[in-house]
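Student: can't give you the sequence, but here's the structure:
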Ligand SMILES: [Zn+2]
């Protein structure tokens, strides 16, 4: 079963402190968990990290806060 992003966002509304483990691309605004998220999130335990991995995909951002897909587009358009 594939979870929609809306369910992930609802989860973040319930647990706003978990937002610090979520990356948001500055261009496409897609959400994903930080690839360096630990197995256990402090005070939340292993369940929170498991849920974030369930609701979101890993999303790495570059130094400009842009996801890989968008940074490739930006590069292409600059050439
Ligand atoms: Zn993006």
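Tutor: Okay, I see it. In this text, all values refer to a predicted model and were calculated from it rather than measured experimentally.
Student: Can you pull the residues of the chain lying near the ion?
Tutor: 25, 27-28, 67, 70 (C-beta under 5 Å from the ion). C-beta coordinates here come from the backbone N, C-alpha and C atoms, glycine included.
Student: In CSV: these, plus secondary structure.
Tutor: Formatted as CSV, the residues of the chain next to the ion follow (DSSP: H, G, I helix; E, B strand; the rest coil):
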residue, secondary structure
25, coil
27, coil
28, coil
67, strand
70, helix
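Student: Now compare those residues and name the two farthest from each other.
Tutor: Taking C-beta to C-beta as the measure, the residues of the chain next to the ion span a maximum distance of 7.4 Å, between 27 and 67.
Student: out of the two, which sits in the more crowded spot?
Tutor: Ranked by neighbour count (other C-beta atoms under 10 Å), residue 27 and residue 67 place residue 67 first, with 22 against 14.
Student: Return the backbone torsion pair for the closest residue to that one other than its chain neighbours.
Tutor: With sequence-adjacent residues excluded and distances taken as C-beta to C-beta, 6 or more residues apart in numbering, residue 67 is closest to residue 25, at 3.9 Å. Dihedral pair for residue 25: phi -70, psi 140, per degrees, to the nearest 10.
Student: and stretch 57-66, which residues are buried?
Tutor: For stretch 57-66, a neighbour-count test (16 or more other C-beta atoms under 10 Å) marks 59, 61, 66 as buried.
Student: Ok, stretch 13-29 next?
Tutor: By neighbour count on 16+ other C-beta under 10 Å, the buried set for stretch 13-29 is 18, 21-23, 25.
Student: Specify the local secondary structure of residue 76.
Tutor: Here residue 76 is recorded as helix under three-state DSSP.
Student: Now find how far off-centre the helix or strand encompassing residue 72 is within its chain.
Tutor: Taking DSSP states H and E as the definition, residue 72 sits inside helix 68-78. Relative to the chain's own centre, helix 68-78 is displaced by 19 Å; criterion: C-alpha atoms, centre = their mean, to the nearest Å.
Student: Done for today, thanks.
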